[in-house]
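Novice: One predicted model, sequence on top.
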Amino acid sequence: MSALVELANVSKTFDVSPPWLNRVIERKPPTYLHAVSDVSFSIARGETLALVGESGCGKSTVARLIVGLYAPSAGSVRVDGQDMAVAVKGNDEAARALRRKVQMIFQDPYASLNPRWRVADIVAEPIRTHKLITDRAALDKRVAELLGFVKLTAKDGEKYPHQFSGGQRQRISIARALASNPEFLICDEPTSALDVSVQAQVLNLMKDLQREMGLTYLFISHNLQVVHHIADRVGVMYLGRLVELGDKRAVFGDPQHPYTRMLLDAIPDLQMTGKARTPVAGEVPNPLNPPSGCAFNPRCPKRFAPCDRERPELATFKGRDVACFAARNPI
Ligand SMILES: Nc1ncnc2c1ncn2[C@@H]1O[C@H](COP(=O)(O)OP(=O)(O)OP(=O)(O)O)[C@@H](O)[C@H]1O
Ligand SMILES: [Mg+2]
């Protein structure tokens, strides 16, 4: 299978310096925050890759880099072989086609759906923007079809977003995302604002749509049970870097990075073996002043000599990629 999405050594740095004048008076250098550092992965067509990790580890920044909302500070993002940073600026046919192919679904469907628009107009907007259908009757038919995909009716299109429940609103935003015939959907915490039972319905709907339409997903969540349900492969991020990346079964079934293990130990047991939960210990370090060596070392139960001096590279081990000295040199 060929990769639809390819990230090669992508980094994103934010300048978070105090205002220039304060800096000059206080003689301080500029301050940079490394939100994403040297991240590489690919997503095959039809596959779901999930990114997990604690708040602030860079998941949403990766999502924004992929859709082209941010330009990478280093490295490249390619979708279908085309550079995303070029495509977001371009106005030629290929650039427009690429923008149409990549769509994003956000966590809070209420904030991302215009409350003054009828649902039918919300769903029709991408079709109008990309000039996919211009005939009125054909447009109405297509909107009804899209609402049907997400188990809503054409009549629902006459209503406004506030007349729907949270789960229905999330389905409306899925219908809108599908309106431009995308191939790749980036879902940033799409169900985390929903009740557990509604979450499951939306996830199952997304899985069905993926199968029927051959969609490719990047799925971002801090909920490992959701990720276990939806993902084929999983990437675990810590302080802007991937620390473990591989097949869901390998990463969840036999985690090699101590951080992955810590996240997994904190959730109710997926295999129901009766194992007790252990809360995640310690705190994420300040990203403006990250620890030297492996960024996880201050919290790591397995740290040893090299860990606070050298940074482990991601390398293949036991059928997945892992960046950890202890995993590769068990003591
Ligand atoms: N526009 C920005 N300017 C400055 N810093 C930013 C900006 N966007 C993100 N950051 C910082 O980059 C880091 C990564 O943020 P990001 O939102 O990608 O994390 P996340 O993994 O999505 O977290 P969450 O789970 O809370 O959504 C954080 O330290 C954040 O404060
Ligand atoms: Mg986020």
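Specialist: Alright, I've got the coordinates. Ligands and ions are numbered 1, 2, ... in the order given.
Novice: Spatially nearest residue to the residue in the stretch 201-331 of the chain positioned nearest to ligand 1 (excluding sequence neighbours)?
Specialist: Ligand 1 sits closest to P287 of the stretch 201-331 of the chain, with a gap of 4.3 Å, by Cβ to the nearest ligand atom. Where C-beta positions appear, they are placed from N, C-alpha and C, glycine not excepted. Distance criterion Cβ to Cβ, 6 or more residues apart in numbering; nearest residue to P287, sequence neighbours excluded, is L33 at 5.5 Å.
Novice: What about A74, how many residues nearby?
Specialist: 13 (other Cβ atoms under 10 Å).
Novice: Could you do K28 as well?
Specialist: Neighbourhood size, K28 [other Cβ under 10 Å]: 11.
Novice: same question, D135
Specialist: Neighbours of D135 (other Cβ under 10 Å): 9.
Novice: ok, back up a step: surely the residue of the stretch 201-331 of the chain closest to ligand 1 and G56 touch.
Specialist: Yes - assessed by Cβ atoms under 8 Å, P287 is found in contact with G56 at 6.5 Å.
Novice: Could you tell me which residues touch both of the two?
Specialist: Shared contacts of P287 and G56 (Cβ atoms under 8 Å, 6 or more residues apart in numbering): L239.
Novice: list the contacts for the residue of the stretch 201-331 of the chain closest to ligand 1?
Specialist: Contacts for P287 (Cβ under 8 Å, 6+ apart) come out as L33, H34, A35, G56, L239, G240.
Novice: and the third one, that's in a helix?
Specialist: No - looking at A35 with DSSP: H, G, I helix; E, B strand; the rest coil, it is strand, so not inside a helix.
Novice: if I read this right, it contacts K12, doesn't it?
Specialist: Yes - counting by Cβ under 8 Å, A35 touches K12, with 5.0 Å between them.
Novice: tell me, what's touching the two both at once?
Specialist: Shared contacts of A35 and K12 (Cβ under 8 Å, 6+ apart): G58, T61.
Novice: circling back: quick check, the residue of the stretch 201-331 of the chain closest to ligand 1 in a helix?
Specialist: No - counting by three-state DSSP, one finds P287 to be coil, located in no helix.
Novice: Can you list phi and psi of it for me?
Specialist: Note on P287: its backbone torsions stand at phi -70, psi -20 [degrees, to the nearest 10].
Novice: any idea which helix is longest in the chain?
Specialist: helix 196-213 (DSSP state H).
Novice: Can you list the strands that whatever helix or strand comes next after that one pairs with?
Specialist: Next helix or strand after helix 196-213 toward the C-terminus (DSSP states H and E): strand 216-220. When sheet partners are counted by DSSP bridges, strand 216-220 sits next to strand 48-52 (parallel), strand 184-188 (parallel).
Novice: Now do the same contact list for the spatially closest residue to P306 that is not a sequence neighbour.
Specialist: Nearest residue to P306, sequence neighbours excluded (Cβ to Cβ, 6+ apart): F325, at 5.2 Å. Contact partners of F325, counting by Cβ under 8 Å, 6+ apart, are C294, F304, P306, C307, E310, P312.
Novice: hmm, try it at 6 Å
Specialist: P306, C307, P312 (Cβ atoms under 6 Å, 6 or more residues apart in numbering).
Novice: Pull up the residues of this structure that are close to ligand 1.
Specialist: Proximity of the chain to ligand 1 is confined to 14, 16, 33, 35, 53, 55-61, 222, 287 under the rule Cβ under 6 Å from any ligand atom.
Novice: So among the residues you listed, which ones count as buried?
Specialist: Listed as buried from these are L33, A35, G53, G56, C57, G58, K59, S60, T61, H222, P287; burial here means 16 or more other Cβ atoms under 10 Å.
Novice: end to end, how far does stretch 240-254 reach?
Specialist: 23 Å (Cα to Cα, to the nearest Å).
Novice: For that stretch, buried residues please.
Specialist: Going by neighbour count (16+ other Cβ under 10 Å), the buried part of stretch 240-254 is G240, R241, L242, V243, E244, L245, G246, K248, A250, V251, F252.
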